[in-house]
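Chemist: Below is the structure, and that's it, no one-letter string:
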Ligand SMILES: Nc1ncnc2c1ncn2[C@@H]1O[C@H](COP(=O)(O)OP(=O)(O)OP(=O)(O)O)[C@@H](O)[C@H]1O
Ligand SMILES: [Mg+2]
């Protein structure tokens, strides 16, 4: 992990609770991690574990939700965004921190042309004239691989295929040269070949511009080739954090083991069927007192039912929130 002066983003004890008719939904609980400039980080976990809410909080969008209670701190370039007034966060959003939203179909406003969608941020955040913004937009569209960009810039989102729309989203997100890009399921809606292209593109653009990317996905295959460091989230908490290669080769948390078993391995022929993790994640408004994964865990023992394990360093320097991490660590990897 980067030292304090090299940290771009430092999230400490982030907690997001939603008040709903069913009770309080503990969407994100005591999540801490940091991201270095230019670092490629993957945030993974099953549906509903709090990935998008974490990203929304970083972007300062949870502050717009009247039913959300947010605590902890989100220090970006030395300033705690959670403590800043909205007028100081607004210029950061879209300029220094950009987001590719989970749903490319609904997140590009269908009544605005690509020209409008692209030039808006450039004019607002970078003070460009409309003409300058159009020139830059065409360059950006070319950069992300949109053919005939000078003409296509006049089109509307529905005139683009899913893959092309996603490229437009990436172009918009990167237009103001963000220091941090939050890419929420950037390729889920796309077919596998396009997925690989988009991921390569994001990686290349990050290298060229020095932007850090947090790629959010439930699909470990998406982050395996792209990210250096992986954050594994379960039921609103981080349960394992470590460098991608060793983490995938030898997970120290049983949940990560389960997630990996449910991903097809491309590097070796598989004889056995893929298994999904048995059971369902807990209801975030009625969390059990102990480890939230215990009801689905083959290693669960008495202590796991009594108290939730903290995210602690394992003897080989990874972070894992499991009383049985050392036992898993001692096992020979499969
Ligand atoms: N505005 C809201 N009000 C109440 N509950 C919410 C709100 N937004 C999210 N939640 C709840 O917070 C929890 C975490 O949701 P989140 O969208 O972060 O999951 P996710 O990990 O991104 O899942 P997916 O992979 O399906 O996108 C879920 O239980 C969700 O229902
Ligand atoms: Mg999500």
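Modeler: That came through fine. Just so we're clear, the structure is a prediction, and the values are computed from it rather than from any experiment. Numbering: from 1, shown residues only. Ligands and ions are numbered 1, 2, ... in the order given.

Chemist: who's in contact with the closest residue to residue 89 other than its chain neighbours?
Modeler: Closest residue in space to residue 89, ignoring its immediate chain neighbours: residue 60 at 4.4 Å, by CB to CB, 6 or more residues apart in numbering. All C-beta atoms are positioned from the backbone trio N, CA, C, and that covers glycine. Residue 60 makes contact with 81, 82, 86, 89, 92, 93, according to CB atoms under 8 Å, 6 or more residues apart in numbering.

Chemist: Select only the buried ones of those in ChimeraX?
Modeler: Command for ChimeraX that selects the buried part of the contacts of residue 60, burial taken from 16 or more other CB atoms under 10 Å:
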select :81,82,89,92,93
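
Chemist: Among the contacts of residue 60, find the lowest-pLDDT one for me.
Modeler: Lowest pLDDT among the contacts of residue 60: residue 93, with 91.

Chemist: tell me which element the residue nearest the centre of the chain is part of?
Modeler: Central residue of the chain (CA atoms, centre = their mean): residue 216, 2.7 Å from the mean position. Using DSSP states H and E, residue 216 sits within strand 212-217.

Chemist: Can you tell me the element residue 233 falls in?
Modeler: Assigned by DSSP H and E, residue 233 falls in strand 229-234.

Chemist: Next, see if that strand gets close to ligand 1.
Modeler: No - shown here: strand 229-234 not in contact with ligand 1 (CB under 6 Å from any ligand atom), separated by at least 6.9 Å.

Chemist: Quick one: mean pLDDT for that strand?
Modeler: Averaged over strand 229-234, pLDDT sits at 97.

Chemist: any idea of the angle the strand holding residue 216 forms with strand 229-234?
Modeler: Put simply, strand 212-217 runs at 40 degrees to strand 229-234, going by axes from the mean of the first three to the mean of the last three CA atoms, to 10 degrees.

Chemist: contacting residues around strand 212-217?
Modeler: Strand 212-217 is touched from outside by 8-9, 35-44, 51-52, 54-55, 58, 102, 179-188, 202-203, 206, 222-223, 226-227, with contacts defined as CB under 8 Å, 6+ apart.

Chemist: Which ones among these also lie next to ligand 1?
Modeler: When contact is defined as CB under 6 Å from any ligand atom, the contacts of strand 212-217 meet ligand 1 at 51, 52, 102.

Chemist: that older thread, please state the offset of whatever helix or strand comes next after the strand holding residue 216 from the chain centre?
Modeler: Where DSSP H and E defines the elements, the next helix or strand beyond strand 212-217 is helix 220-224. Counting by CA atoms, centre = their mean, to the nearest Å, helix 220-224 is centred 12 Å from the centre of its parent chain.

Chemist: All good on my end, thank you.
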